[in-house]
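In: Predicted coordinates and the sequence they were generated for:
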Amino acid sequence: MRDRLGELGGSLGHHIDPPTHSKTLNTSRKSRHENNSHSSIELTAKRKRDLLASVGFLDEDEELPSIRLAGSLNGSTRLTERAEAYDKEETQRSRKKSQRLRQDRTRGMPGLDFDEQVVDFTSDDDGQENDELLDQDNKEEYDEFYREENQPPSSSRGVLFNIATKLVWVLAAVATFIYVFNDDPKTLVEDQDSSSQQHEPYSYMGYKDGRIPDDDVAQYGGGLLIQNSEIPNKKGGINDDEVDEAFIDEDAKDPFTKHQTGIPGEDFLWEDLDGFAELSKPYNPHEGDIYFFWHVPKCGGTTLQDLMMHCFGMIGANEVGGAYAAENGSLQIVQLENGNRYVNVDVTQPGGIQNAHDSGFGSSGLADVVMSSRFHDAVMLFTPDSVFPNVSKGRCFTLLRHPIKRAISMFYYLQDATWEHTYNDIFKSMTIEEYAVSQYAEDNWMVRFLTNEMTGTLDNRHLDLAKQILESKCLVGIMEEFPASIKRFDRYFGWSQRSFEGGPVQLNDRGICTARVMSAPDNAHEHPNYEEGSEIWNKLLEKNMFDLGLYNHAVHLFHNVQVTLIGGQPTKM
């Protein structure tokens with residue numbers, strides 16, 4: 001019967017069965033609100049009689065009994081009372097809606113254009129009670145909806161808001177333009193002048209394979225390194241001659257060239273450096289990470305390589321194995337007469353790095369340590385891709401030296417190193433005074449290689465970025481504190497606890513071997529020294545101010561920050 005009452009009520013615009021709890025009441029109200037059912041419908045006596053007749057309580061010709069006589073109709077009293085109460089509630093609800101709609105229309109609310117006549121009702125006691133109930137239940141439904149969402153702001157506030165919004169967009173557009181197109185004017189002039197020749201930092205100058213002078217291990221001799229060590233690009237890699245073509249399509253760039261935009265691409269740069277593990281993540285030898293030694297020239301790097309290859313017996317990858325590169329690109333370990341072992345790749349120049357990557361070097365597990373000066377190029381060996389998704393992370397460590405002392409050492413080394421494939425007669429006849437002001441002098445080598453800003457003008461942004469990269473990615477050693485640095489590397493990586501089976505020196509003899517190598521460092525040579533504040537010192541300092549700032553930060557890291565990685569305490573404050 002209740003269903004029949006509901007169906008009949010629905011045809012009249014109401015559900016005749018009054019809700020029995022607040023949730024049903026709220027639902028019916030929301031439905032009526034969403035359908036904009038704003039008509040005021042009152043159940044007349046005739047409708048009530050027809051209603052009761054339709055459900056079998058009255059005959060078709062029988063009159064509607066009064067409330068006092070309804071008890072004889074087998075429960076019709078309760079039904080009639082409910083109908084009367086619901087009728088009264090509906091009347092008051094419709095009145096309340098009409099009043100609200102009339103108020104909204106007088107306010108000029110948008111979207112509320114009603115043509116029907118709004119009926120005004122006089123209030124009574126029951127209506128007042130129902131109004132209070134309706135106000136409580138519908139406060140959030142009506143007041144918040146109409147007054148907060150649909151009420152327009154004042155004209156003055158709206159104008160100010162529009163002006164502020166446009167101003168923000170203009171400032172954002174200007175900032176974006178400056179960020180993207182902020183090229184140094186001097187650099188732009190040089191780029192447009194075809195006769196002007198840009199020079200990369202020394203140690204890079206004129207080296208098609210990009211090696212640094214003391215990358216070569218001259219003591220091995222015997223023609224181990226072929227005269228032209230550029231490995232043919234057999235697997236679709238990019239050679240130095242093809243670098244310019246790579247800039248045509250930004251998306252087609254290989255990892256070792258697409259960072260050439262430098263600082264403006266900081267986010268992209270950091271994304272690519274993800275191949276190097278974060279130093280904040282504790283080292284776990286069981287995770288298979290590969291040591292990566294960032295080799296800065298004339299900082300004791302060759303001596304450290306001797307320690308790793310010979311005394312500890314690690315299998316390395318630098319330029320030595322490149323002389324044994326296989327025709328088919330297959331990877332293998334080669335062992336020299338002195339017992340040192342290398343993977344047959346050359347990771348000191350872009351072509352060799354690309355070939356090593358294409359051969360699956362990063363996932364081969366053959367090498368214990370990669371040694372290269374090409375910080376950004378080499379990261380591709382530790383970066384997964386669709387072809388080699390499972391590659392090992394690189395664990396960076398490095399030895400740094402005071403940049404002015406390093407520049408002086410570099411000059412005198414190049415004057416004498418006739419055995420180096422990079423030897424140039426021009427240094428033999430050059431004085432250090434001429435060298436200090438020439439294009440060959442060191443020019444913030446470390447900052448440039450860390451930020452991949454190989455040409456152009458540097459500023460404090462580059463220095464800050466280099467500091468961040470060094471601190472987050474590399475364990476730092478200081479050449480001036482060489483023994484303490486080797487101890488730092490050993491304790492962090494656990495070298496003395498690993499057997500590195502097959503090496504030339506037995507585990508028990510490593511200490512003797514280490515002492516012997518450190519007492520006669522490789523590629524060491526005597527040369528004049530220049531005091532701080534001298535003319536030579538100051539001229540070289542002018543070209544290496546950012547490197548000096550980076551070196552000072554590295555010393556701070558060594559003494560005060562990274563010492564905690566091995567359980568030590570800061571020694572300076």
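Out: Everything's here; your move.
In: just the strands in the stretch 301-450 of the chain please.
Out: Taking DSSP state E, counting those that start in this stretch, the strands of the stretch 301-450 of the chain run over residues 315-317, 333-335, 341-343, 369-372, 394-400.
In: How about the stretch 451-573 of the chain?
Out: 474-478.
In: Low-confidence ranges, it, go.
Out: The stretch 451-573 of the chain contains residues with pLDDT under 70 at 522-525, 572-573.
In: Mind doing that once more with 90?
Out: 497, 507-508, 518-529, 566-573 (pLDDT under 90).
In: Same question for the chain.
Out: 1-272, 326-329, 413-425, 442, 497, 507-508, 518-529, 566-573.
In: hang on, the earlier thing: got CSV for the strands of the stretch 301-450 of the chain, with mean neighbour count and distance to D459 too?
Out: Yep, even glycine has a C-beta here, placed from its N, CA and C like the rest. Formatted as CSV, the strands of the stretch 301-450 of the chain follow (neighbours: other Cβ atoms under 10 Å; distance: least, Cβ to Cβ, whole Å):
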stretch, mean neighbour count, distance to D459
strand 315-317, 25, 35
strand 333-335, 15, 45
strand 341-343, 25, 39
strand 369-372, 26, 27
strand 394-400, 25, 21
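In: between those, which gets nearest to T383?
Out: Smallest distance to T383 across the strands of the stretch 301-450 of the chain (Cβ to Cβ): 9.0 Å, for strand 394-400.
In: what packs against the closest one?
Out: The contact analysis (3 or more Cβ pairs under 8 Å, 6 or more residues apart in numbering; DSSP states H and E) places strand 394-400 against strand 290-294, strand 474-478, helix 482-493, helix 545-556.
In: Now render those as a markdown table, adding mean neighbour count and distance to H376.
Out: Below are the helices and strands packed on strand 394-400 laid out as a markdown table (neighbours: other Cβ under 10 Å; distance: least, Cβ to Cβ, whole Å):
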| stretch | mean neighbour count | distance to H376 |
| --- | --- | --- |
| strand 290-294 | 25 | 10 |
| strand 474-478 | 24 | 13 |
| helix 482-493 | 18 | 22 |
| helix 545-556 | 20 | 16 |
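In: now the ones you listed as JSON lines including distance to G362?
Out: Shown next, in JSON lines, are the helices and strands packed on strand 394-400 (distance: least, Cβ to Cβ, whole Å):
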{"stretch": "strand 290-294", "distance to G362": "8"}
{"stretch": "strand 474-478", "distance to G362": "19"}
{"stretch": "helix 482-493", "distance to G362": "19"}
{"stretch": "helix 545-556", "distance to G362": "27"}
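In: Go through these and name the closest to D459.
Out: So among the helices and strands packed on strand 394-400, helix 545-556 is nearest, using Cβ to Cβ, at 8.5 Å.
In: Surely S359 is in contact with V345?
Out: Yes: S359 lies in contact with V345 (Cβ atoms under 8 Å); the separation is 7.3 Å.
In: Show me whatever sits in contact with both of the two.
Out: Here S359 and V345 share the contacting residues L331, scored by Cβ atoms under 8 Å, 6 or more residues apart in numbering.
In: neighbour-wise, which of the two wins?
Out: Ranked by neighbour count (other Cβ atoms under 10 Å), S359 and V345 place V345 first, with 31 against 21.
In: Quick check: closest non-adjacent residue to that one.
Out: Spatial nearest neighbour of V345, chain neighbours left out: A356 (4.0 Å); criterion: Cβ to Cβ, 6 or more residues apart in numbering.
In: show me what contacts the one you found?
Out: Taking Cβ under 8 Å, 6+ apart, one finds A317, L331, V343, V345, D346, V347, L381 in contact with A356.
In: want to throw those into JSON lines with distance to S372?
Out: Formatted as JSON lines, the contacts of A356 follow (distance: Cβ to Cβ, whole Å):
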{"residue": "A317", "distance to S372": "8"}
{"residue": "L331", "distance to S372": "17"}
{"residue": "V343", "distance to S372": "13"}
{"residue": "V345", "distance to S372": "10"}
{"residue": "D346", "distance to S372": "9"}
{"residue": "V347", "distance to S372": "5"}
{"residue": "L381", "distance to S372": "9"}
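In: Among those, which are located in helices?
Out: Under the assignment DSSP state H, the contacts of A356 contribute nothing to helices.
In: Quickly name whichever of those residues is closest to L160.
Out: Once Cβ to Cβ is applied, the member of the contacts of A356 that ends up nearest L160 is L381, at 57.0 Å.
In: ok, how many other residues are close to the closest one?
Out: 27.
In: what's the distance between it and L458?
Out: 27 Å (Cβ to Cβ, to the nearest Å).
In: With A466 instead?
Out: Distance, A466 to L458, using Cβ to Cβ: 9 Å.
In: So between these two, which is more surrounded?
Out: Each of A466 and L458 has its neighbours counted (other Cβ under 10 Å); A466 has more, 25 against 20.
In: what residues are up against that one?
Out: Applying Cβ under 8 Å, 6+ apart, we find A466 in contact with M446, V447, L450, T451, F546, L550.
In: can you put the residues you listed in CSV and add distance to R406?
Out: Formatted as CSV, those follow (distance: Cβ to Cβ, whole Å):
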residue, distance to R406
M446, 9
V447, 13
L450, 15
T451, 18
F546, 14
L550, 12
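In: rewinding a little: report the set of residues contacting both of A466 and L458.
Out: Taking Cβ under 8 Å, 6+ apart as the contact rule, A466 and L458 both touch V447, F546.
In: Counting neighbours, what do you get for M314?
Out: 22.
In: give the contact list for it.
Out: Listed by Cβ under 8 Å, 6+ apart, the contact set of M314 reads Y291, M308, R341, D368, V369, F500, G503.
In: now, among the residues you listed, which is nearest to Q335?
Out: Looking across those and measuring by Cβ to Cβ, the closest to Q335 is R341, at 4.9 Å.
In: pretty sure that closest one contacts G316?
Out: Yes: counting by Cβ under 8 Å, R341 touches G316, with 7.2 Å between them.
In: Touching both of those two, which residues are there?
Out: Contacts common to R341 and G316, judged by Cβ under 8 Å, 6+ apart, are M309.
In: residues contacting the nearest residue to Y530 once chain neighbours are set aside?
Out: Excluding the flanking residues, the one nearest Y530 by Cβ to Cβ, 6+ apart is I536, at 4.6 Å. By Cβ under 8 Å, 6+ apart, I536 lies in contact with I408, I432, E433, A436, Y530.
In: In a markdown table: the residues you listed, plus distance to E266 and neighbour count.
Out: Shown next, in a markdown table, are those (distance: Cβ to Cβ, whole Å; neighbours: other Cβ atoms under 10 Å):
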| residue | distance to E266 | neighbour count |
| --- | --- | --- |
| I408 | 33 | 23 |
| I432 | 36 | 18 |
| E433 | 38 | 11 |
| A436 | 32 | 23 |
| Y530 | 36 | 18 |
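In: nearest to G511, of these?
Out: I408 (32.9 Å).
In: so the closest one makes contact with A436?
Out: No: taking contacts as Cβ under 8 Å, I408 lies outside contact range of A436: 9.1 Å.
In: so what sits against both of those two?
Out: I536, L540.
In: related to what we said a few turns ago, quick one: which of the contacts of A356 is nearest K487?
Out: Nearest member of these to K487, counting by Cβ to Cβ, is A317, at 24.5 Å.
In: wait, that closest one sits on A367?
Out: Yes: using Cβ under 8 Å, A317 makes contact with A367 at a distance of 4.4 Å.
In: shared neighbours of those two, which are they?
Out: Shared contacts of A317 and A367, counting by Cβ under 8 Å, 6+ apart, come down to V343, F361.
In: Q506 versus V561, what's the distance?
Out: Distance, V561 to Q506, using Cβ to Cβ: 36 Å.
In: which of those two has more neighbours?
Out: With neighbours defined as other Cβ under 10 Å, V561 and Q506 compare such that V561 has more, 14 against 11.
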